[in-house]
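[1] Fold the following for me, if possible:
(chains A and B)
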Amino acid sequence: MKEKIKQNFKWYFLGLLLTATFFVWYAVFAESDQRLTVAFLNVGQGDAILVDTPNNQQILIDGGPNKQVLAELSKVLPFYDRSIDVVIATHSDQDHISGLLDVLERYEVDFVMEPGVESETTVYKEFEKLVDEKQIKKILARRGMKLRLSDNAYLLILFPDRDVLKMDTNDASIVAKLVYGNASFLFTGDSPKKIEGYLVSVDKNLPAGELDVDVLKAGHHGSKTSSLESFVEYASPKYAIISAGKNNRYGHPHQEVMDILAKFGVKILRTDLLGSIIMKSDGENILLK
Amino acid sequence: MKGNILSAAIFGFIAGVGVRSFFDPLGSAAGFFLLFVFFALVLFFLIPRKIFFPAAALALAAFSLGVWRYEIKDQKSVPTVLRPRINSEVALRGLIIEEPDERENNMRFVFQADSLRQNNQWQGIISGKILVSTERYPGFKYGDFLEIKGVLKEPKNFSDDFDWRAYLAKDSIFLSMDYPKIEKQGEAAGPLFSIKQKLFALKNNFIAGISRVLPEPHASFLGGLTIGARKSIPENLREDFRKAGVIHLVVLSGYNVTIIAENIGRALAFLPLPNFFGVVLSVLVIIFFAAMTGASATIVRASIMAIFVLLARSTGKVYEVTRALMLAGFLMVLHNPKILRFDSSFQLSFAATLGLIYLAPRLEKYFSFLPKSFGLRGYAAATASAQLAVAPLILHSIGAISLVALPVNILILMFVPTTMFFGFLTWFFGLFNHLISLLFAWFAWILLNYELWVVNIFARLSWAEWRAPNFSAFSAVLIYGLLAWFVFKPRLFSGFFKKKEFSPALWNKEADEFEIEEIE
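    Down below sits the predicted model:
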């Protein structure tokens, strides 16, 4: 046996080198994408969106209801990558933050952004505990905050614009806009109609409108409690993403919402039908992968 | 002669338990009597004339004992203190006595109460087990001392084709509580608890270690594969595993232990070790595996059977080993007679073990088109025989069977020991250095990726699965009859218990093939 190993040593060595080369090329290939990637992950009934910037920074917006997010993340991130720069918990509901607990356990996270609502649920308490334990920096999201991602890419917070400690969890959802050159995305968490209406009214008073986007993540998994007609019209997206579970018990997305989106000629993409939806942008066009 | 009589007694006892599992004598005394007569007739044909009377008498006596043993077990039900409180809210204190089962969106554990709150004070009670379902967070573990408050219920069957109540009752669980209010009070002490807690801690350390460097679902898959980790893999992937016929790799079952042990044995056969060390090493690996998984009754049973297969192979004394296997089966049924009918894990591991011992050598010749290199032919024969041996049971209990199980198992099982090996290296070096760990993780990742890819490809085939929702118990028994005929056909009717007619099969380690010897 020893003899045999000696004889075959050069082959083993060659095999090792080959694997190493493969590994290096894998890494080079994985890091070389200069485009912006926005992946709406298929996490069942819940939200989880990964943004991978041109500078290879990662932002995860919500984590879905369970650890399925990990499997989906590993499909879009290289296998050795164990860091996510920013985690945004749009609000404290279980279908948005439960999976984030698994993410915080496995990934190195630099800071966490949340609206700062009071919530008594166990999962939220565990989330707060874990953030403390891991000594992750916590930021309360407020309107006007801007995360600079590269020369011409940033993430802008549109809501909440006040202290939301006692607010209903859905109402307090973080609404954020991602901009890369001329391409823009709007993430709305579970934001209900009244907040959408409010945002439109605020935006109308601004010199340069902020709500006009290319891609809209439809609020609250396509529930009729969100996607106000005037809001959809005002945002005038090309694509609307609905992140919902297959045959979910709430009947999401509701037909009313589908009708409104269809009325304004928005192309609807659903995670319950398509699985994870991955979009790439070079700052001009948005490509559906 | 002695052996024959012993076999007759065991056969009688198990038949007694089996018959009683299906028929309640108080329900239909006449039917029960008919079965008794039928059993006597079966004996008449099976037992050689020479020893008919002593053997038949013993078998019939054992039959009654089997019925009686089942009866005793069946008497157990909801503990009397709790009976009047079913469907009302109670506060209890007690321990988690088994490792919790962590699901995708919730968690379940077996709780043993030791006191009940009555008139504002705690009273010690003798309580049965309660199955508690709760949220995934904050998360509880084996040995936690809890105070729970919720509505006590009797478990209900949630579908027609699976008797959930009976399944729980076999482990003496007659009560359940859904999403109670839970407060952790402390942790259990004592040597048994602390040993088990340490083993679970080691297991969790392993899982955490591989999870740090491997992505999902790879890490969960590897955890299930190597140490029977119960942490769930995503539901849709689990479905794919089932369709591809390799669910036994990730679901902790007796069958899983049998298959894995078989493969470890084969992988070790390639090492330049004397046969004896190979066997000892395999046995140690199985014991380690069993301990890690928490040594639940299911796994202990399966491990014992897996060890029998190894012994049968290495000593070549198939006949003795089979008898030992029968004896072990007897002791297991004696310990808990309900497993015979209600524990599919017991049935599957028993069937798979018999398949590996008896069917594999008979099937080997049909795989002569496969090359012997890398033990390919051996894997094929072993896989086919285990699959064939469990197929009727799976069809009856699940109502669907994977048609691609054979190729998928061969394609995957060949790499399982190597995958496990790299998994262990990944974990071990991860204790010291992240980068070295990452290097081994890369190799494990390639293998896991390949295995998941195979599963994915085959599960996508529209014909991967054959559904037979109404596959009757009768058909299953019929198929087992045919299989038995295939194995024992030379002289089936000359006496089941006669030593001469077995053709022991030896696995020739050097040639990696089975040799069939006809002993006349």
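[2] OK, contacts around whichever residue of the stretch 151-300 of chain B sits closest to chain A?
    Residue nearest to chain A within the stretch 151-300 of chain B (CB to the nearest CB): residue B:215, separated by 3.0 Å. All C-beta atoms are positioned from the backbone trio N, CA, C, and that covers glycine. Counting by CB atoms under 8 Å, 6 or more residues apart in numbering or on different chains, residue B:215 touches A:70-71, A:73-74, A:77, A:79, B:445.
[3] Repeat that for residue B:423.
    B:210, B:222, B:225-226, B:444 are the contacts of residue B:423 under CB under 8 Å, 6+ apart.
[4] which of these has the most neighbours?
    residue B:222 (30 neighbours; other CB atoms under 10 Å in any protein chain shown).
[5] Which residue ranges of the stretch 151-289 of chain A form strands?
    A:153-159, A:175-180, A:183-187, A:215-217, A:239-242, A:267-270, A:277-281, A:286-288 (DSSP state E, counting those that start in this stretch).
[6] so which of these gets nearest residue B:467?
    Nearest to residue B:467 among the strands of the stretch 151-289 of chain A is strand A:267-270; the distance by CB to CB comes to 28.2 Å.
[7] Can you check the pLDDT for the one residue in the stretch 1-150 of chain A that gets nearest to chain B?
    The stretch 1-150 of chain A approaches chain B most closely through residue A:74 (3.0 Å), counting by CB to the nearest CB. On pLDDT, residue A:74 comes in at 87.
[8] ok now the helix or strand containing it, how far from the chain's centre?
    Using DSSP states H and E, the element containing residue A:74 is helix A:68-76. On the basis of CA atoms, centre = their mean, to the nearest Å, helix A:68-76 sits 12 Å off its chain's mean C-alpha point.
[9] That helix: which residues count as buried?
    A:68-74, A:76 (16 or more other CB atoms under 10 Å in any protein chain shown).
[10] Closest one to residue A:40 out of those, please.
    residue A:72 (9.7 Å).
[11] What is the neighbour count of the residue lying closest to that closest one once chain neighbours are set aside?
    Distances taken as CB to CB, 6 or more residues apart in numbering or on different chains place residue A:41 nearest to residue A:72, at 4.0 Å, with adjacent residues excluded. Using other CB under 10 Å, residue A:41 has 29 other residues around it.
[12] for residue B:165, same thing?
    Residue B:165, neighbours per other CB under 10 Å, totals 16.
[13] Contact partners for it?
    B:154-157.
[14] where's the nearest residue to residue B:101 once chain neighbours are set aside, which helix or strand?
    Distances taken as CB to CB, 6+ apart place residue B:108 nearest to residue B:101, at 4.6 Å, with adjacent residues excluded. In the assignment (DSSP H and E), residue B:108 maps to strand B:106-118.
[15] For residue A:152, give its distance to residue A:55.
    11 Å (CB to CB, to the nearest Å).
[16] Show me which residues of the stretch 151-300 of chain B sit near chain A.
    B:211-218, B:232, B:234-235, B:237, B:272 (CB under 8 Å from any CB of the partner chain).
[17] out of these, which is most surrounded?
    Neighbour counts for those (other CB under 10 Å) peak at residue B:214, which has 28 neighbours.
[18] is it true that it touches residue B:446?
    No - counting by CB atoms under 8 Å, residue B:214 sits too far from residue B:446 to count as a contact (11.2 Å).
[19] end-to-end on stretch A:82-101?
    15 Å (CA to CA, to the nearest Å).
[20] Can I get the helix or strand residue B:382 falls within in PDB, CA atoms only?
    In this structure, residue B:382 sits in helix B:376-398 according to DSSP H and E. The C-alpha coordinates for helix B:376-398 follow below in PDB (Å, rounded to 0.1, in the frame of the first residue of the first chain):
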ATOM      1  CA  LEU B 376     -19.300  -1.400  -8.300                       C
ATOM      2  CA  ARG B 377     -20.900  -4.800  -8.700                       C
ATOM      3  CA  GLY B 378     -21.000  -5.200  -4.900                       C
ATOM      4  CA  TYR B 379     -22.600  -1.900  -4.400                       C
ATOM      5  CA  ALA B 380     -25.200  -2.700  -7.000                       C
ATOM      6  CA  ALA B 381     -26.000  -6.100  -5.500                       C
ATOM      7  CA  ALA B 382     -26.200  -4.700  -2.000                       C
ATOM      8  CA  THR B 383     -28.300  -1.700  -3.000                       C
ATOM      9  CA  ALA B 384     -30.700  -3.800  -5.100                       C
ATOM     10  CA  SER B 385     -31.200  -6.400  -2.400                       C
ATOM     11  CA  ALA B 386     -31.800  -3.800   0.300                       C
ATOM     12  CA  GLN B 387     -34.200  -1.800  -1.900                       C
ATOM     13  CA  LEU B 388     -36.000  -4.900  -3.000                       C
ATOM     14  CA  ALA B 389     -36.400  -6.100   0.500                       C
ATOM     15  CA  VAL B 390     -38.000  -2.900   1.700                       C
ATOM     16  CA  ALA B 391     -40.000  -2.100  -1.400                       C
ATOM     17  CA  PRO B 392     -43.200  -3.900  -0.500                       C
ATOM     18  CA  LEU B 393     -43.200  -2.300   3.000                       C
ATOM     19  CA  ILE B 394     -42.600   1.200   1.600                       C
ATOM     20  CA  LEU B 395     -45.300   0.700  -1.000                       C
ATOM     21  CA  HIS B 396     -47.800  -0.300   1.600                       C
ATOM     22  CA  SER B 397     -46.900   2.300   4.200                       C
ATOM     23  CA  ILE B 398     -46.200   5.300   1.900                       C
END
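[21] Let me see the contact set for the residue nearest to residue B:101.
    B:100-101, B:131-134.
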